[in-house]
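Trainee: Kindly return the folded structure for what I paste below:
(chains A, B and C)
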Amino acid sequence: MQIIKVENLKKHYDYYQKDQGLKNSLKNVIKRKKLVKEAVNEISFNVEAGEIVGFIGPNGAGKTTTLKVLSGILFPTSGIATVGGFTPWERKKAFKMGFSIVMGQKTQLNWDLPAVESFNLNKCIYEVDDAQYRKTVEELTELLEVKPLLKTQVRRLSLGERMKMELIAALIHEPKIIFLDEPTIGLDFVSQKIIRDFIRRYNEETGATILLTSHYMNDIESLCKRAIIINEGHIAFDGNLADIERDENTTIEEAITKLYENKEAKAE
Amino acid sequence: MKIIKKYITVYTLAIQGAMEYKTDFLISLVSGGFTIIIQFFLWTAIYGGSAEAELFGYDYGQMVIYVVMAGIMGKYVSTWFEYEIMEDIMEGNLNRFFVQPIGHLGFRAFGFFGVKTLENSMVIIISAILLWVISSTAGVTFSLINLLILLLIAPFSLMISFMLSYCLSVANFWLTWGWGVFNGARVITTILSGGIFPLAVFGDRIASALMFLPFPYIVYFPLNVAVGNIAGLDILFGVSMQIMWIVILFIVSQIVWPIGMKRYIAARG
Amino acid sequence: MKATFKEIIKHLRVYRLFAKNSLMQQLEYRANFIIGIITECTWLCTKLLYAFIVHRTDSHVGGLTPDQVTLFVGTFIILTAIYTGIFMNNLGSIPWRVRQGELDLMLVKPISTQFHLTMREVEYAIPIPNIIGGIITIAVSWSRMGLQAGFVNITAYIYLIISGAALAYSFFLIPCLLTFWIVKIRALVEIVYNLWDFNSMPMQIYGKFMQRLGIFLVPVFVIANFPVMALFENLSPLLLAWGVVVPLLLFFSVRKLFNIAIKRYSSAGG
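Mentor: Below is the predicted model of the structure:
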């Protein structure tokens, strides 16, 4: 079953050029140079239920924008997308109840309180019953080895511990679809590995569909059979990482960099 | 010579900074304007509803001038660097004063008076317009000579206000977030300096007791000169009290700041 | 119908957690909490000073006795407690939250985004002195007057206080929402916030023209004046109707504006 379908999805937005200095600020009041940023340009792909798909691409390639559109945070300029049978930007309650998004750069945890308070809030927001909630928290804290930290204020946690808590908070309602935007950003190797193993195990045990973006090739290689490489809003490659053409002495990074350069050819 | 040049640089930098903060200045002008409008109508209603022509020793015209000018004086003597010092201490920026051959008080003073020259010249223009509007619409008269004297003694008020805030800023060495203290202190200072109502409303006994504090010399004394309730030699006496408080607060600052600095250095190892 | 009811219960449950978490959070910084209370006491003093002066001069401002003015001031203090406790911090932090991207994570939650963005914090320090001071002020002036208010008047008084707070919410939310269109919004927000102070004295002290302006065009006078006028039976049927209608009208308009703002947010940006 194809749980995520994306067809010719496009997200353009306007922004204004501002040159430095007071004179240019004044000039901007009268006439601003309007520029269009083509964040996502006519991309199409489908995801099977239970798959883990990795998004790779340089900064500003459109990975986060795609995830935001699929979460219903942003409206697309044009195109069609269905996620779990819903159009995300209609923001139906049933849609929101069935998915989750974690952004490595943002937090949904209350900084000054123990993480368990934020879990409890999500329990209430997602209407999870007590027994289910207790079971989920029990299991996840066990798996991620953060059980003793549940009562520690989030601001006192290390970056890795915080990310683990962030993941748990996002999984309280057992979402069927999970978007992870750079979940391992800034973490040390040990934490990266624990989180990676956790994501794989969670996928195997629950069958949840996972879309993740990462800068670390390790994440993608070890987690995803399938990778989508995006550059400047276009899909440059979609398939098994092993299928990327390369000879023995090029690394996967180098092969991908080459793909970026060939983007124009591929897009046509 | 070199040191003077450095101070002048601080002074001009502060003026440029003030230009950037012009929106904050605009906000405070408008909100100050609201207070003035409320006060004007309040006192018009009070005098209208009272059998007496003179309340607390002020006739209607004097009271209107007082409360309107009190709003303006509040702006004229306002300070903001307590918050900058708070940030400096939190972020460890005070270190530069150990390295740079420029004293902290000097740095603050030049920066402060730099911004203030610019702001206050606008404040003076605005108050002139306001007084003209009030006198022509509400039929209130005032003495031009008294206002000129006010213009001469107001800088002393500004200096007391500066020194007071500077002394209070040492609280930052002990508190992580001093803003609450400063906001509270600002309200109390405003009330006690006669910045909302003339101190006479509290009764003669409390008013004369308050005169032993520095606060009344910031607003209450200069405005009583402006409305003609203080005249002649009493003005000279008041000015000498102002100077005395500037000196006292300067001495206090020279005592408390080193104590705070010691704590700051100790805390940072 | 049943689904709506269920959603309301859920939002109330979530709000209880917001309130609990805010309290825990604020008690984490005990010194700030205490300083906040002390600071607010000084503001409370300035509000009471107005009443004090009216008493000292024994002046009947706008035809009101000093005790009536004091009761008005007490009501204003109570409204300040409600407004600062429930709304002020939330509204003030909207521009900041939007720029920090916190809104993104709110949009994916299965609860009302407006509720989440505008009510997630409850302030405790500021309302404490105001509730105590306000109740004492009202009680003292009430008994000094020997006010004999009927059940209908007291009900109208309480209803108009609550709807006044709701009116304040909608009214002060408007400039905050402009943050979705204009980046530098602080000046405007602060200026509008300062309109609150126009309620520190009964509107009778202002001229007829200002009164009409503050009732019909920029309805700030409705917030604190109407409850007291209802209590003293000074509120004409026409004004009473306005006092009931305008908070509802503004609330639904702001709700519309909020949705437009969110739509704009989602259409722009990346």
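Trainee: Which residue would be the closest one in the stretch 101-250 of chain B to chain C?
Mentor: residue B:180 (3.3 Å; C-beta to the nearest C-beta). The way it works is simple: take the backbone N, C-alpha and C, and place the C-beta from them, glycine included.
Trainee: Spit out the contact partners of that residue.
Mentor: Residues near residue B:180 by C-beta atoms under 8 Å, 6 or more residues apart in numbering or on different chains: C:32, C:35-36, C:38-39.
Trainee: now do residue B:160
Mentor: Listed by C-beta under 8 Å, 6+ apart, the contact set of residue B:160 reads B:77, B:214, B:217-218, B:242, B:245-246, B:249.
Trainee: returning to what we had before: roughly how far out does the host helix or strand of the residue of the stretch 101-250 of chain B closest to chain C sit from the chain middle?
Mentor: Per DSSP states H and E, residue B:180 falls inside helix B:179-192. Average the C-alpha atoms of helix B:179-192, do the same for its chain, and the two points are 12 Å apart (C-alpha atoms, centre = their mean, to the nearest Å).
Trainee: Quick check: next helix or strand after that helix?
Mentor: For helix B:179-192, the following helix or strand on the C-terminal side (DSSP H and E) is helix B:204-210.
Trainee: Give me the mean pLDDT for that next one.
Mentor: Averaged across helix B:204-210, the pLDDT comes to 93.
Trainee: How far off centre is the next helix or strand after it?
Mentor: Downstream of helix B:204-210, the first helix or strand assigned by DSSP H and E is helix B:220-226. When C-alpha coordinates are averaged (C-alpha atoms, centre = their mean), helix B:220-226 and its chain have centres 13 Å apart.
Trainee: Is any residue of helix B:220-226 near chain C?
Mentor: No - Helix B:220-226 is not in contact with chain C by C-beta under 8 Å from any C-beta of the partner chain; minimum separation 14.8 Å.
Trainee: OK, now which residue of the stretch 1-150 of chain C is nearest to chain B?
Mentor: Nearest to chain B, among the residues of the stretch 1-150 of chain C, is residue C:35, at 3.3 Å (C-beta to the nearest C-beta).
Trainee: My guess is residue B:246 contacts residue B:159. True?
Mentor: Yes - in terms of C-beta atoms under 8 Å, residue B:246 counts as a neighbour of residue B:159; the distance is 5.0 Å.
Trainee: measure the residue in the stretch 151-268 of chain A that chain B sits nearest to to residue B:62 for me?
Mentor: Proximity of the stretch 151-268 of chain A to chain B (C-beta to the nearest C-beta) peaks at residue A:155, 14.1 Å away. Relative to residue B:62, residue A:155 is positioned 56 Å away (criterion: C-beta to C-beta, to the nearest Å).
Trainee: who's more crowded, the two?
Mentor: Taking neighbours as other C-beta atoms under 10 Å in any protein chain shown, residue A:155 and residue B:62 compare with residue B:62 leading, 23 against 12.
Trainee: so what's the more buried one up against?
Mentor: With contact taken as C-beta under 8 Å, 6+ apart, residue B:62 is in contact with B:227-229.
Trainee: I'd like to know which of these are buried.
Mentor: Applying a neighbour-count criterion of 16 or more other C-beta atoms under 10 Å in any protein chain shown, the buried members of the contacts of residue B:62 are B:227, B:229.
Trainee: Of the contacts of residue B:62, which is the nearest to chain A?
Mentor: Here the nearest of those to chain A, counting by C-beta to the nearest C-beta, is residue B:227; it sits at 42.3 Å.
Trainee: Within the helices and strands, which one has residue A:235?
Mentor: Taking DSSP H and E as the definition, residue A:235 sits inside strand A:234-240.
Trainee: who does that strand pair up with?
Mentor: Counting by DSSP bridges, the strands paired with strand A:234-240 are strand A:226-231 (antiparallel).
Trainee: next one: the strand it pairs with to chain centre, how far?
Mentor: Centre to centre, stretch against its chain (C-alpha atoms, centre = their mean), the figure for strand A:226-231 is 13 Å.
Trainee: can you check stretch C:32-41 too?
Mentor: How far stretch C:32-41 lies from its chain's middle: 20 Å, per C-alpha atoms, centre = their mean.
Trainee: any idea where the helices of the stretch 1-150 of chain B begin and end?
Mentor: Secondary structure of the stretch 1-150 of chain B (DSSP state H, counting those that start in this stretch): helices located at B:2-20, B:22-49, B:60-76, B:81-91, B:96-99, B:104-137, B:144-168.
Trainee: Any chance of a markdown table for the ones you listed, columns mean pLDDT?
Mentor: Formatted as a markdown table, the entries for the helices of the stretch 1-150 of chain B read as follows, by pLDDT from 0 to 100:
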| stretch | mean pLDDT |
| --- | --- |
| helix B:2-20 | 54 |
| helix B:22-49 | 82 |
| helix B:60-76 | 92 |
| helix B:81-91 | 79 |
| helix B:96-99 | 66 |
| helix B:104-137 | 88 |
| helix B:144-168 | 94 |
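Trainee: Could you check the angle the helix holding residue B:180 makes with helix B:144-168?
Mentor: Orientation note: helix B:179-192 sits at an angle of 150 degrees relative to helix B:144-168 (axes from the mean of the first three to the mean of the last three C-alpha atoms, to 10 degrees).
Trainee: Pull out the buried positions in helix B:179-192.
Mentor: Along helix B:179-192, these residues count as buried under the neighbour rule (16+ other C-beta under 10 Å): B:179-192.
Trainee: Residue C:170 contacts residue C:256, doesn't it?
Mentor: No - under the criterion of C-beta under 8 Å, residue C:170 is not in contact with residue C:256, lying 11.0 Å apart.
Trainee: So which of these two has more stuff around it?
Mentor: Under the criterion of other C-beta under 10 Å, the comparison of residue C:170 against residue C:256 puts residue C:170 first, with 22 against 10.
Trainee: Now for that one: which residues touch it?
Mentor: Listed by C-beta under 8 Å, 6+ apart, the contact partners of residue C:170 are C:247, C:250-251, C:253-254.
Trainee: Highest neighbour count among the residues you listed?
Mentor: residue C:247 (25 neighbours).
Trainee: Now do it, the pLDDT please.
Mentor: At residue C:247, the predicted lDDT confidence score is 96.
Trainee: thought it was touching residue C:161?
Mentor: No - with contact defined as C-beta under 8 Å, residue C:247 and residue C:161 do not form a contacting pair (11.2 Å).
Trainee: Quick check: phi and psi at the residue lying closest to residue B:214 once chain neighbours are set aside.
Mentor: With C-beta to C-beta, 6 or more residues apart in numbering or on different chains as the measure, residue B:245 is the residue that lies nearest to residue B:214, at 4.2 Å, once sequence neighbours are left out. The phi/psi pair for residue B:245 (degrees, to the nearest 10) reads phi -70, psi -40.
Trainee: Burial check on residue B:245, number of neighbours?
Mentor: Neighbouring residues of residue B:245 were enumerated by other C-beta under 10 Å; the total is 22.
Trainee: how about it, what does it touch?
Mentor: Contacts were defined as C-beta under 8 Å, 6+ apart; by that measure residue B:245 touches B:160, B:163, B:214, B:217.
Trainee: And these, which two are furthest apart?
Mentor: B:163 and B:217 (11.4 Å; C-beta to C-beta).
Trainee: Around chain A, pick out the residues from chain C.
Mentor: For chain C, the contact set with chain A under C-beta under 8 Å from any C-beta comprises C:10, C:13-14, C:17-18, C:21, C:24-25, C:28-29, C:100-102, C:104-105, C:107-111, C:263, C:266-270.
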